[in-house]
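>>> Output the structure for:
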Amino acid sequence: MLLELAGRHPLLRDSLAIQSTDDSRIVLDARRLLFASPLDLTATAAIAHAHAAVGAQATLLLPDSKDVTAYVQRMDLLKALPSGTHVEGKVPEEIRSDRSATLLEVAALRPDTADAISEGLGRVATQHLGPRDGRRVFKGIGELIDNAISHGASTCGAFIAAQAYSGKTTGYRRLEIAVCDTGIGVLTHLRRNPEHAHVTTSAEALEHAVRPGVSGTRDTRGNGLPDLLAGTSDTAATRLVLRSGDGLLRAGRLRRAAVTRSLSTRAPVQGTWSWLRVSYRP
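Below is the predicted model of the structure:
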C-alpha cells in the first residue's frame, strides 16, 4: 500500500491519496509534504503500526523540505514508528531544546501513559490560552483521550500529539491536538448499544457521536463530544475533524454558531482519527 502525504495538512482532506498494490508493505511517501499538522504525524504512526501488526514492512520517505523533515524529527515521529521501519532520506543533526511549553511530541497513548500526557497538555493549554479558556479546552481534550483509551484500544495502540501557537504568526492564540487510534471504530462501538443498531454507515455513526446522550454503552454518558464543541468560550473558533472507517465528519463552532457535516469517503481508515483546533484572538 502507498499513502502519499503531499502539500499542507494532507490528512485533513476529504480524500486520502492511497493506492493498494501490495499488502506486504506500506510506503508512507512524505517527499512532497509542505506542512504537517499533529493529525498528519499521529495518523502516520497509527497507519504504520496497524500494518506492521499484520506483518507488513513499513517505509517512510522523508520530506524533500529540510525544514519539514526537521519538524517531523523534532516531533518524534521517527521514534514512534514501528521497530524495523525503513526510513529513506537524510535525517538532519538535531540540537534539542525543551519545548514542553508548546509541544507534545508524538507519543503512545495508553492507560499507563495517559496521566502524564494529560498533565503536560494541561500546562500547554493553560499557558497559551489562559487559566479559564485553557481549562475549558483541556476538558474537551480529556474526552478525546478517554475515547481513544476506552473505545479505541487495540494491540497497536493509539498516538497523540499537540502544538500551541502564540498568535505572532497565525494571528490567533491556537492549540491543535490529534489523537489517532487503531481500534474498532465508531460504527462498531456505537452498534454495541441496541438503541443504535439501525446505524449502518460510518458517516452516520459519526453524526450520532456528536449528539448529546449518544453512546455505545447503556451507561448514562455520551455528552463528551457535544460538550467539547460547546464548552469553549463564545470568543473561540473551534474545529473538530473525525475520521473513522469510511466516514468523515467536520464540526465547527464560531461564537454561538455550530456547523456539522459528514460524508462517506473512498478510502477507509482503521480505528478513529480525531483532530481538534481551538483558536482565540491574541
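>>> The nearest residue to Leu2 once chain neighbours are set aside: neighbour count?
Leaving aside its chain neighbours, Leu2 sits nearest to Gln19 (4.4 Å; criterion: C-beta to C-beta, 6 or more residues apart in numbering). The way it works is simple: take the backbone N, C-alpha and C, and place the C-beta from them, glycine included. Other residues lying near Gln19 total 12 when counted by other C-beta atoms under 10 Å.
>>> Now do the contacts for Gln19.
By C-beta atoms under 8 Å, 6 or more residues apart in numbering, the contact list for Gln19 reads Met1, Leu2, Glu4.
>>> Filter the residues you listed down to the ones in helices?
Secondary structure from DSSP state H places none of the contacts of Gln19 in helices.
>>> In strands only, show me those residues.
In strands, judged by DSSP state E, the following of those are found: Leu2, Glu4.
>>> If we only consider the contacts of Gln19, which is nearest to Asp40?
Glu4 (11.8 Å; C-beta to C-beta).
>>> what's around the closest one, how many residues?
18.
>>> Pull up the per-residue confidence for it.
pLDDT, Glu4: 94.
>>> do the same with Thr232
pLDDT recorded at Thr232 is 57.
>>> same check, this time on Arg218
Reported pLDDT for Arg218: 53.
>>> do the one 4 residues further on as well
According to the model's per-residue confidence, Gly222 sits at a pLDDT of 45.
>>> Could you report the separation of Gly89 from Leu34?
Distance of Gly89 to Leu34, computed by C-beta to C-beta, to the nearest Å: 15 Å.
>>> same thing with Ala56?
According to C-beta to C-beta, Ala56 stands 27 Å off from Leu34.
>>> ok, now Ala53?
Counting by C-beta to C-beta, the separation of Ala53 from Leu34 is 30 Å.
>>> Pull up the distance across stretch 68-87, start to finish.
Taking C-alpha to C-alpha, to the nearest Å, stretch 68-87 runs 15 Å from one end to the other.
>>> which residues sit against it?
By C-beta under 8 Å, 6+ apart, the residues outside stretch 68-87 that reach it are 30, 33-36, 38, 41, 44-45, 48-49, 52, 57-60, 62-63, 89-92, 94, 96, 99, 103, 105-108, 159, 161.
>>> Which members of those are positioned in strands?
Going by DSSP E, the strands hold 33-35, 57-60, 103, 105-108, 159, 161 from the contacts of stretch 68-87.
>>> Filter the residues you listed down to the buried ones and hand me the ChimeraX line.
Here is the ChimeraX command that selects only those of the ones in strands among the contacts of stretch 68-87 that count as buried (16 or more other C-beta atoms under 10 Å):
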select :33,34,58,59,60,103,105,106,107,108,159,161
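>>> quick revisit: kindly indicate which of the contacts of Gln19 lies nearest Tyr165.
Of those, the one sitting nearest to Tyr165 (C-beta to C-beta) turns out to be Glu4, at 26.6 Å.
>>> Find the nearest non-adjacent residue to the closest one, please.
Here the residue nearest Glu4, using C-beta to C-beta, 6+ apart, is Ala17, at 3.8 Å.
>>> longest helix anywhere in the protein?
When the chain is parsed with DSSP H, its longest helix is helix 131-150.
>>> Centre of the chain to that helix, how far?
Centroid separation between helix 131-150 and its chain, computed with C-alpha atoms, centre = their mean, to the nearest Å, is 13 Å.
>>> With that, I have no additional questions.
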